[in-house]
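Undergrad: below is the structure, and that's it, no one-letter string:
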């Protein structure tokens, strides 16, 4: 099918996550929400260009073929970026209340987390997690930040079970506010390259028995985050930034 001519020469800046396979000429059906966003909110029309990605085949420019109330169609034209996966960093956290949960999911995606894994600890405040809402936040963050992949989203599981089933190849970095002072850069710099995971505890901190359980595992490395007590959402961003700078894709290699 011939693509409609684009009305503007300026490069597209709107990005959409889509499920459809992408290739030159692929037809992409818009959901009602996507069509409303493009047509009613952004006032785009047939012939205007957008960017699309599906987490498998990179980022593509696409042109609006049809747009109407309740749906529409895009036509993929040119692949602009090949698929990339980002750092192999799992993010484990004790679920928080709704607004903070939205925030940390968005920030974990921005930081390139490859999996987001809620774990239930003895001091977890909110044990229920809405995976659909987590996915919506992950998609929004990926669309806005130029990310080409979505992290895997896991159902909540008890911390004990997660540790019992842990693949020891993946180093687990846990933020230990009760640990001895020491340079986090030195701790992370001593970890061999490979898959890693970051574990952030609940707002009340880990129970002493949980801390002992973590420190007893050979694949666990404790990380001190400085002399101030950080909120769980702040600790997540700080730790993921440190991990990306020392073990992830901020190293420029």
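TA: Nice, thanks for sending it over. Because the structure is predicted, anything quoted here is derived from the model rather than measured.
Undergrad: what is the neighbour count of residue 147?
TA: A count of nearby residues for residue 147, using other CB atoms under 10 Å, gives 23. For glycine as for every other residue, the C-beta is placed from the backbone atoms N, C-alpha and C.
Undergrad: same question, the one 3 residues further on
TA: Residue 150: 18 surrounding residues under other CB under 10 Å.
Undergrad: what's the nearest residue to it if we skip its chain neighbours?
TA: Nearest non-adjacent residue to residue 150, counting by CB to CB, 6 or more residues apart in numbering: residue 55, 5.1 Å away.
Undergrad: check for me that the one you found belongs to a helix.
TA: No. Residue 55 sits outside any helix when classified using DSSP: H, G, I helix; E, B strand; the rest coil, being coil.
Undergrad: any idea of the pLDDT on it?
TA: Looking at residue 55, its pLDDT stands at 94.
Undergrad: kindly provide the distance from it to residue 143.
TA: 12 Å (CB to CB, to the nearest Å).
Undergrad: need the overlap of contacts for these two.
TA: Where contact means CB atoms under 8 Å, 6 or more residues apart in numbering, the residues bridging residue 55 and residue 143 through contact with each are residue 17.
Undergrad: what sits against residue 173?
TA: With contacts defined as CB under 8 Å, 6+ apart, the neighbours of residue 173 are 188, 191, 196-199, 220-221, 223, 239, 243.
Undergrad: shaky segments in the protein?
TA: The model of the chain has pLDDT under 70 over residues 1-11, 127, 252-253.
Undergrad: residue contacts, residue 241?
TA: Remark: with contacts taken as CB under 8 Å, 6+ apart, residue 241 is in contact with 111, 250.
Undergrad: now, the contacts of residue 173 that are in helices?
TA: 188, 239, 243 (DSSP state H).
Undergrad: and those residues as a markdown table, adding distance to residue 30?
TA: Formatted as a markdown table, the ones in helices among the contacts of residue 173 follow (distance: CB to CB, whole Å):
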| residue | distance to residue 30 |
| --- | --- |
| 188 | 43 |
| 239 | 37 |
| 243 | 36 |
